[in-house]
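Q: Below: sequence and its predicted model.
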Amino acid sequence: MTTRALQIRNDDPDNLRTELLEGLRVFNEAVAGPYRDEPLALSIRDDDGVLIGGLTGLFYWNMLQVHLLWVAEEHRHSRCGTALLSRAEEIAMHRGCEVIYLDTYTFQAPGFYRKQGYTALGSMPDAPKGFETTWFTKRLNRDSNPAD
């Protein structure tokens with residue numbers, strides 16, 4: 001067996017990310033089964049097509065990971081965020097998901113997620129400095145889904 005020198009180098013972030021994701025996918029699917037991954041993109045727009053709010057995420061296995069949820073400041077407290085999150089939950093249940101998870105900062109919307117029935121899993125202080133990152137989850141109950 002030939003020993004090769006290892007090199008740590010700066011790499012192209014996009015290419016490296018693709019390679020890493022593929023390596024993880026192969027390993028993860030061998031252990032937990034096929035991802036069945038599919039992106040989610042929901043938006044609320046006005047009559048002129050201007051973005052009022054949106055939500056993006058990724059379905060995989062029995063989960064939905066919410067990546068982004070944003071509502072324009074002038075439309076906050078108008079139930080747009082609730083509508084987006086509720087629609088994501090409906091789609092997740094229809095796809096057979098059992099859990100949703102996400103993270104938020106203390107200066108964003110932890111109270112909003114608690115009101116929507118999400119439970120804090122943990123938090124990290126001073127991330128970013130002077131604030132906290134909190135991870136939330138919600139178990140979906142298929143029995144309460146009116147669309148089924």
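A: Cool, got the structure.
Q: where exactly do the helices run in the chain?
A: 13-32, 80-94, 110-115 (DSSP state H).
Q: Tell me which of those helices is the most buried.
A: Across those, averaging neighbours per residue (mean count of other C-beta atoms under 10 Å) puts helix 80-94 on top, at a mean of 18. C-betas here are computed from N, CA, C, even on glycine.
Q: For the most centrally placed residue in the chain, list the residues it contacts.
A: Nearest residue to the geometric centre of the chain (C-alpha atoms, centre = their mean): Val66, 1.8 Å. Contacts for Val66 (C-beta atoms under 8 Å, 6 or more residues apart in numbering) come out as Leu55, Thr56, Gly57, Leu85, Ala88, Ile100, Tyr101, Leu102.
Q: So for Glu38, which of the helices of the chain sits nearest?
A: Glu38 lies closest, by C-beta to C-beta, to one member of the helices of the chain: helix 80-94, at 9.8 Å.
Q: pLDDT score assigned to the nearest residue to Gly33 once chain neighbours are set aside?
A: Spatial nearest neighbour of Gly33, chain neighbours left out: Trp61 (7.1 Å); criterion: C-beta to C-beta, 6 or more residues apart in numbering. Trp61 carries a pLDDT value of 96.
Q: what about stretch 70-79, average pLDDT?
A: The pLDDT scores in stretch 70-79 average 95.
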